[in-house]
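> what follows is a predicted protein model with its sequence.
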Amino acid sequence: MADLPPLKDPLSAPEGRGVPADHIPADHIHVDLWPHPLTSEGRAPQITLPVTGPMRVSAALDAAWPARGALPLSVTLDGVALPPGAWAHTPIGPGQRLTLRARLQGDDSNPLVAILTIATIALSAGAASALAGSGALGFAAGSTGAKVIGALAGAAISTAGGLVINALVPVRDPDGLVPSSAPRTDYSLTGGTNRARPYAPLLLTFGRHRVFPDLGAKPWTEFEDDDQYLNMSLSFGLGNLHLDIADLRIGTQPLSNFPGATAEILRGPDPTWPANVDTVQGAALEDTAYVLRRTSAATNRFDLDLTGQLFGLDRRDGDPYRLSRAIEIGYRRVGPGGTWTRQRVIVRSKKDSPRDAIRRTIRIRPGAAADWEVRVRRLRAPSGDAHEVDAITWTALRSFQADTADYSGQTRLRLRLPASAQASGQLPALHAIVEHHLPHGTTRTARPRANSNPAWIALAFLRGDRIKGRLAWGLGLPDARIDLPGLRAWARWCDAHSLTCNLVLDRKLPAEDVLRTICQCGRASLTWASGKLGVVWDDPATPATALITPGNIIAGSLEITWSGAEPADEIAVRYLDPGADWHYQTLRRTMPGITTPKRTATLTLSGVTSPAQAATEANLQAARQLYHRRRITWEMAAEGLSIARGDVVRLTHSLLDGGQTGRLVNVLPAEPGTARPERWDLGQRFEIPDTETWYAMLRLGDGRLITRAITADGALVRPARALPEDWQHDETQATDVLWRVYPGDAPPAPLRIVGI
């Protein structure tokens, strides 16, 4: 059993300024762009900008959102709100997080009030009952008012996690892929085989994997000199020039250990290699009567295999001597008027070793592709002399037909193996290491290279691959429908955490299932939150974007449920380990306090071939089951539209933490003639010990989340820094600001949003 690290809550990482964003390049800044003032529509949370020298926030703003025009914005740097006048003077450096959010516009009225008025009118007209059952924020209703009705009537934000409850990243099933319809082919050395799969999809390899190719045609044998050769056409599936094949083996032995064996990679069609060969059995030639067989239709070449023993024994000393016999081969086209073409063949024993078996292949090209009758006979009956061995057998008739299959975009292997190369009898399976080269980046012209990053594999599948204008695999989406910035950021995060996906697909599957499996390897899941197909991933460094309190939860809607299922005592994960010659290995994580596990949950990590990645997955599954067995749901008004799946929020409620929370009553200006900041009236009196550091987390009226250190000042509190200059605008009042006060070591619980 691997030495796994201690369990910890995947959301327990600290956040705020100074948190290492290890998926951001060292010379880049991170930008979270919210182009819609009320919802997450069009949100681009994973933009990164290079920093090549001194940079100000205004320059970063122009680079991240050049088309914003005169749109009013709220700008936050590492959680600190910046007034417009400070944008041109505030420096920004590598590793910092910049949040850009469009602000509500209006003259003397608050647009949010107008939207809620529309919602009230619609509700009074009876529309709510028709919409409440949808339970979704983004249904196609056509107006912002209808979307708000959806939020008011039926939207529920759910947080859950772990093995027993569905989470942000779907739980794997015991056989490895989600759902149960996913592929189950075993590509370990102990279970792999070469097989024919008529009418099934071609193999598709992602990343780097040991692959047992399919039989591309029926194998066939032929005699050449003293050896019998096995000829095989094997298909490694789709990939063509972008598929690398190495480390060819038969069973456990490298192909180089088989003398005389040859292998050639075929990219696309090859008319010189016969792949459409049918074989029928002949018969022993026991007299001079004809033995008649028939070729397959449209045969343009046929081979006859003759075997036997033919020698005599000297009556004086018993030494063997050579014998020869004449064989007649005839063939004609099937149908009326077909005339026989005859050919005489002499069969003789070997000069140096007459006792050895005779093996000979006769090749005939009739000159046309047709259905042929073939007959064979001896011109002389077998000898009755007791001192002679005279046995000849027509072993097989092979029909060769033109191969009209289209191999465009495919990679095949031509294998020729002599029987003397220790391959007689049952041939062990042939296999090889296959690497699929894919573009490493979002540019379609990027040069393909060996790639196991789940993000680039997912992007390749989203774009799909076309062969002669037809979609061969993948979704075939244009870039306009793919969240390219999000995939770039996910790719960097996967690289930073050494997450890979190495997978072989061999059957027809829904595209969603394939993408879900790829995403699981990168701890991500699919989302349309930005209006484009992208992913959200389980990054423990995700900063909180909202504060949820009784002040913005619709009364009576909060629900807390726990999984009633018996938790597993042990998590066991299976994965293919290339270091163990591609055999399955199992890692086990026993839950804390358990000495003798009675209930083991076993998961197969399809696509995972790294012991370190498998160990982390085992730990994460155990940690989620231990820490995330609680599901919390609630309903919100229009504010809930700005929360997206994958976000992290802070939740405080008397049912959860008994924290002190409420609404801001008033903001008193700074005392004249002093440098002391403003004071806040929170409507409650606090006793804050001088030896402790307390904080107030505030959700402003426009949705921004800020945190300030505070000290008690009688019935008021004094923040370390004042509120942003633009915290109050239009009809926003102090009472629109929600707060939560807490000691420094007890912030509100972070929750991952996994469903809306």
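Happy to help now that I have it. Just so you know, these numbers come straight off a predicted model, no measurement behind them.

> where does pLDDT dip in this protein?
For the chain, applying pLDDT under 70 flags the ranges 1-26, 38-41, 46, 79, 104-168, 170-192, 420-426, 564-565, 673-675, 729-731.

> centre-most residue in it?
Ile518 (0.9 Å; Cα atoms, centre = their mean).

> any idea how far His387 is from the residue lying farthest from the centre of the chain?
Largest separation from the mean C-alpha position in the chain: Arg316, at 78.1 Å (Cα atoms, centre = their mean). Here Arg316 is placed at a distance of 11 Å from His387 (Cβ to Cβ, to the nearest Å). In short, each C-beta sits where N, CA and C put it, glycine included.

> run a quick neighbour tally on the closest residue to Thr735 other than its chain neighbours.
Distance criterion Cβ to Cβ, 6 or more residues apart in numbering; nearest residue to Thr735, sequence neighbours excluded, is Arg663 at 4.9 Å. Neighbours of Arg663 under the rule other Cβ atoms under 10 Å: 17.

> so Arg663 sits against Trp739, correct?
Yes. Taking Cβ atoms under 8 Å as the definition, Arg663 is a contact partner of Trp739 at 7.2 Å.

> residues that sit against both of the two, list them.
Common neighbours of Arg663 and Trp739 (criterion: Cβ atoms under 8 Å, 6 or more residues apart in numbering): none identified.

> just give the nearest non-adjacent residue to the residue nearest to the centre of the chain, would you?
Ala458 (4.9 Å).

> against Thr445, how distant is that neighbour?
19 Å.

> same deal with Phe258?
Taken as Cβ to Cβ, the span from Phe258 to Thr445 is 42 Å.

> so for those two, which residue has more residues nearby?
Legend: neighbour count by other Cβ under 10 Å for Phe258 and Thr445, higher for Phe258 (18 against 6).

> return the distance of that one relative to Arg412.
19 Å.

> strands of the stretch 451-600 of the chain, start to end?
Assigned by DSSP state E, counting those that start in this stretch, the strands in the stretch 451-600 of the chain fall at 465-467, 470-473, 503-505, 524-527, 534-537, 544-548, 559-562, 570-577, 583-590, 600-604.

> need those in a markdown table (columns: distance to His242).
Shown next, in a markdown table, are these (distance: least, Cβ to Cβ, whole Å):
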| stretch | distance to His242 |
| --- | --- |
| strand 465-467 | 9 |
| strand 470-473 | 12 |
| strand 503-505 | 15 |
| strand 524-527 | 24 |
| strand 534-537 | 23 |
| strand 544-548 | 40 |
| strand 559-562 | 48 |
| strand 570-577 | 22 |
| strand 583-590 | 28 |
| strand 600-604 | 28 |
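
> now do the longest helix belonging to the chain against strand 570-577, angle only.
Identified as the longest helix of the chain according to DSSP state H is helix 611-627. If you take axes from the mean of the first three to the mean of the last three Cα atoms, to 10 degrees, helix 611-627 sits at 160 degrees to strand 570-577.

> relative to strand 600-604, how tilted is helix 611-627?
140 degrees.

> by contact count, what packs against the helix or strand where Val280 lies?
Assigned by DSSP states H and E, Val280 falls within strand 277-284. On a contact count with 3 or more Cβ pairs under 8 Å, 6 or more residues apart in numbering; DSSP states H and E, strand 277-284 meets strand 291-294, strand 388-401.

> got the buried residues for the last one?
Buried residues in strand 388-401, counted by 16 or more other Cβ atoms under 10 Å: Val389, Asp390, Ile392, Thr393, Trp394, Thr395, Ala396, Leu397, Arg398, Ser399, Phe400, Gln401.

> before we move on, what about stretch 551-563?
For stretch 551-563, by 16+ other Cβ under 10 Å, it's Gly551, Asn552, Ile553, Ile554, Leu558, Ser563.

> in CSV, list the helices and strands packed on strand 277-284 along with distance to Leu100.
As requested, the helices and strands packed on strand 277-284 are exported to CSV (distance: least, Cβ to Cβ, whole Å):
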stretch, distance to Leu100
strand 291-294, 77
strand 388-401, 66
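
> of all those strands, which one is nearest Ala734?
strand 388-401 (86.2 Å; Cβ to Cβ).
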